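Trainee: predicted model and sequence follow; I will ask about them next.
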Amino acid sequence: MRFSIFALSSLLLSLSACQQTGDIATKDASYLTILHTNDNHGRFWRNSKGEYGMAARKTLLDSLRNEAEKQGHAVVLLSGGDINTGVPESDLQFAEPDFRGMKKLGYDAMAIGNHEFDNPREVLDKQITWAEFPLLSANIIDQNSNQPAYQPYTILDKKGLKIAILGLTTVDTAKIANPKYIDGLTFENPVTTTLRWGPELEKRYNPDFTIAVTHMGHYHNAKHGINAPGDVTLARSIPQGTLDMIVGGHSQEPICVLASGSEDTNFKPGKACHPDKQNGTWIMQAHEWGKYVGKAVFEIAGDKKSLISYELIPVNLKDEQGKLVSQAIAEDEEMLSFLAPYQQKGLAQIAGEIGYVDGFLDGERSTVRFKQSNLAKLIINAQMQAVDADFGVISGGGIRGSIEAGSISYKDILTVHPFKNRITYIDWTAQELLEYLNIVARFPEDSGAYMQYHHISFTVTDSGIENIKIAGKPLDMNKTYRMSINSYNASGGDTYPSLTSKANFTATDQTDAQVLKAYIEANTPIKVSSL
C-alpha cells in the first residue's frame, strides 16, 4: 500500500519527536533543518526492487521541506558528491539526468567527488551548467593560477540565517582518478585549506552556521588505513568552532555511533541513528545511492548551536524478505515524467543479452580489493586475448560490479566497466618485469590498487618477489613477455608506475567493455569452474 503525503508527514513528525537529542524549543532561537545525501553514482531511477530513485526522493524531500518551513525552520539540502559512475543508463548520458534531477530536487550545494573526474573536465563543466547549483571544492587547486579550480564555497541566506558552506575533496583523487583528467590540478590537504578558509569566511561573512560539505570519507576514530585522512581527522585538526557540521561522502556508509562514540554496528534501515561528533563538530553521511535522506535539526541561539534531532530516513528500502522497512513513499509524478525519457534512452542503448554464465562472477568491493576474483580472471582473459598477451594485470578498484549467474546483458558489462578504459600492452624483458612486480604486487589489501592478475604466479617475500611463473613456467631471464593492462593503470592510475612513455608500450582503440563483451559473446556459455 502506498501512503499519502499526509501520512508520510505524520510519520516523519512522529519520528522526529522520538529522535530528540537536545533541548526543547527555546524562545527567540532560530532553527535550521539540513537534509543530505551522498554518493548517488547514477541512481536517478529506482532499482529492480523498487528501492530509492529520485522520484521517490522528491516526494520525501518535498514533505520534509514543507513540514520544516511550517515550523519556521530554514532548510538546506546538500550532497556529499560522487554523482557520476555506477549505472550504465546514467553513465552513457554523462549523468545528465542525475544533475538535472538534483536541480529539480532543490539542492543548494554539493562537494565535488573523485568520480566527478571520471570523464574529461569538459564534461564536469557541462554538469556544473546542468546543475545550476554550486559544485564546491576549496582544495582543488589550479597549478597555473594557484587558486581554487572550482568554486570554493557558497553563502546561503535562509530565513534570516547566514549559512557558510565550504567544499572539500579527498586528496586520494590524485591517485585514484584518471591522470589525464586531473592534469594541472593539485589536491591540497583539507586541513590546510580549512585553516585558511575558515577564518576568512568568519571575517568576511560572520555566518550563523558553518558547514563543510566533503567527499573525504568518515573513518571511525580516524582509523583511515591506507586511505587519505577523512572527516574525523579534519574535525580533530582544526580549532573547535571552525565548523559546526560536516556533511560527508566517499566512504559510503551510514554514520551512526553509540554513546561511547564507537561505531553502531547494529544499525539497520529504519532504526535510530546518532551521528558522530568530534571536537565540537557534528559529522553526518547518508550511506549511498539515495537509499536514505539524512535530516538534522539544529537550534541556534546566539553562539549556542544544539542538535535537536537526527534521522536517516529510508527511501523505500526493503529487507532480505523483500518487505519495506518503513512506509512506502510514492514517486513524484512530475519528476517521474522528467526522468523517464532518460531511462528509456539508456535502456535502448544497453538492450539485448550477449551470453550466459553458469555461476556468480564476483566483483564485489569486499572481494576485488582483498583477494583474487573469478570475474577479474575473466576480464584479464579477455584483455590478454585482445592483444595476444602472455599474462595480464588490473587494479581491483577498476572492477565496479558483479555478474549474477544466468543471462549476461550489455548492462552487466557496462556496470562492471563504466570507465571506458582502453586496452594497452607492454613487452617486458624479464628483468623489467621483475622490477615492475616488486612494486605492483606489493599494493596492500583494502585498496583500489590491489592487483588482480592472471596467467602469472609469484611469492611475495620481505626481500622481494620470488618464484615467478608465467603460464605455469618459471620466469626465463632471457625471454620477453607481453603484459596486458588497461590505460588507467598504464598511465599511473591507482599509483601504478606509468608505462606510457616506454618504448615497448602500445595503446589500442579497444575499450575494456568492448573487449569483455566480445569475449563473452565468443565463449558463451562461460563456465565459472574453468576460470
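Mentor: Arrived safely.

Trainee: in the stretch 151-300 of the chain, which ranges drop under the pLDDT threshold?
Mentor: Of all residues in the stretch 151-300 of the chain, none has pLDDT under 70.

Trainee: do a quick rundown of the helices in it.
Mentor: 173-176, 190-205, 231-237 (DSSP state H, counting those that start in this stretch).

Trainee: how about I379, what does it touch?
Mentor: Residues in contact with I379 (C-beta atoms under 8 Å, 6 or more residues apart in numbering) are I394, I399, V416, H417, Q452, D512, L516. (C-beta placed from N, C-alpha, C; glycine too.)

Trainee: burial count for the third one?
Mentor: Counted with other C-beta atoms under 10 Å, the neighbours of V416 add up to 22.

Trainee: could you check the pLDDT of it?
Mentor: Reported pLDDT at V416 in the predicted model: 95.

Trainee: one more: the fifth one?
Mentor: pLDDT, Q452: 98.

Trainee: number of residues surrounding the nearest residue to it once chain neighbours are set aside?
Mentor: Computed as C-beta to C-beta, 6 or more residues apart in numbering, the closest residue to Q452 that is not its neighbour in sequence is A376, at 3.6 Å. Neighbour count for A376, taken as other C-beta under 10 Å: 27.

Trainee: got the contact list for A376?
Mentor: With C-beta under 8 Å, 6+ apart, A376 has these contacts: G363, V368, I394, G396, I399, Q452, H454.

Trainee: of these, which count as buried by neighbour count?
Mentor: Neighbour-count burial (16 or more other C-beta atoms under 10 Å) is assigned, among the contacts of A376, to G363, V368, I394, G396, I399, Q452, H454.

Trainee: my read: the second one touches G401, true?
Mentor: So the one you mean is V368. No - using C-beta atoms under 8 Å, V368 is not in contact with G401, being 9.9 Å away.

Trainee: tell me which of the contacts of I379 fall in helices.
Mentor: V416, D512, L516 (DSSP state H).

Trainee: right, and the last one touches N381 too?
Mentor: No - at 9.3 Å, L516 and N381 do not qualify as touching, with contact defined as C-beta under 8 Å.

Trainee: more neighbours, these two?
Mentor: Set L516 next to N381 and count neighbours by other C-beta under 10 Å: L516 wins out with 26 against 22.

Trainee: per-residue confidence at that one?
Mentor: If you check L516, the pLDDT there is 97.

Trainee: follow-up on the earlier one: so of the helices of the stretch 151-300 of the chain, which one's packed in deepest?
Mentor: helix 231-237 (a mean of 23; mean count of other C-beta atoms under 10 Å).

Trainee: got a list of contacts for it?
Mentor: 168, 190-191, 194, 212, 214, 216-222, 224, 243, 246, 248, 276, 278-281, 283, 285.

Trainee: chain center to stretch 285-305, what's the gap?
Mentor: Between the centre of stretch 285-305 and the centre of its host chain there is 20 Å, according to C-alpha atoms, centre = their mean, to the nearest Å.

Trainee: measure that stretch end to end?
Mentor: End-to-end distance for stretch 285-305: 19 Å, by C-alpha to C-alpha, to the nearest Å.

Trainee: stretch 314-322 too?
Mentor: 14 Å.

Trainee: just the buried residues of it, please?
Mentor: Here stretch 314-322 shows P314, V315, N316, L317, K318 as buried, counting by 16+ other C-beta under 10 Å.

Trainee: returning to what we had before: selection in ChimeraX covering whichever of the contacts of helix 231-237 are buried, please.
Mentor: A single ChimeraX command suffices to select whichever of those are buried according to 16+ other C-beta under 10 Å:
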select :168,190,191,194,212,214,216,217,218,219,220,222,224,243,246,248,276,278,281,283,285
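
Trainee: mean confidence for stretch 480-498?
Mentor: Taken as a whole, stretch 480-498 has a mean pLDDT of 95.

Trainee: how close does the residue located most distally from the centre of the chain get to P88?
Mentor: If you look at how far each residue of the chain sits from its centre, by C-alpha atoms, centre = their mean, the farthest one is N478, at 44.7 Å. From N478 across to P88, the span is 46 Å (C-beta to C-beta, to the nearest Å).

Trainee: wait, which of the helices of the stretch 151-300 of the chain is closest to L32?
Mentor: Among those, helix 190-205 comes nearest to L32, with 15.8 Å by C-beta to C-beta.

Trainee: can you show me the helices along the stretch 401-531 of the chain?
Mentor: Using DSSP H, counting those that start in this stretch, helices in the stretch 401-531 of the chain cover 410-416, 430-440, 487-490, 512-523.

Trainee: among the buried residues of stretch 314-322, which two are most distant?
Mentor: Going by C-beta to C-beta, the pair spanning the buried residues of stretch 314-322 furthest: V315 and K318, at 10.9 Å.

Trainee: just list the residues touching T214, thanks.
Mentor: Contacts of T214 (C-beta under 8 Å, 6+ apart): 80-81, 111, 167-169, 190, 230-231, 234, 246-250.

Trainee: of those residues, closest to Q344?
Mentor: G81 (27.3 Å).

Trainee: can you tell me the closest non-neighbouring residue to the closest one?
Mentor: G81 sits nearest to G113 (C-beta to C-beta, 6+ apart), 3.1 Å away.

Trainee: so who does the one you found touch?
Mentor: G113 makes contact with D39, G80, G81, D82, I83, N84, T169, T170, H215, G249, H250, according to C-beta under 8 Å, 6+ apart.

Trainee: distance of it from S251?
Mentor: Using C-beta to C-beta, G113 is found at 12 Å from S251.

Trainee: what does V232 give?
Mentor: According to C-beta to C-beta, V232 stands 10 Å off from S251.

Trainee: okay, and the common contacts of these two?
Mentor: H218, Y219.

Trainee: check contacts around E288.
Mentor: E288 touches N38, D39, H41, Q252, E253, counting by C-beta under 8 Å, 6+ apart.

Trainee: helix or strand for the third one, which one?
Mentor: So the one you mean is H41. Assigning secondary structure by DSSP states H and E places H41 outside every helix and strand.

Trainee: what's the distance between it and A449?
Mentor: 20 Å.

Trainee: quick one: residues contacting V191.
Mentor: Here V191 is in contact with P229, T233, L234, S237, I238 (criterion: C-beta under 8 Å, 6+ apart).

Trainee: just to revisit the earlier point, for the buried ones among the contacts of A376, work out which two are farthest apart.
Mentor: G363 and H454 (14.5 Å).

Trainee: between the two ends of stretch 356-374, how far is it?
Mentor: Terminal residues of stretch 356-374 lie 15 Å apart, using C-alpha to C-alpha.

Trainee: which parts of that stretch are buried?
Mentor: For stretch 356-374, by 16+ other C-beta under 10 Å, it's V357, L361, D362, G363, R365, T367, V368, R369, S373, N374.

Trainee: can you tell me which residues contact the last one?
Mentor: Under the criterion of C-beta under 8 Å, 6+ apart, the contact list for N374 reads G359, L361, D362, V528, L531.
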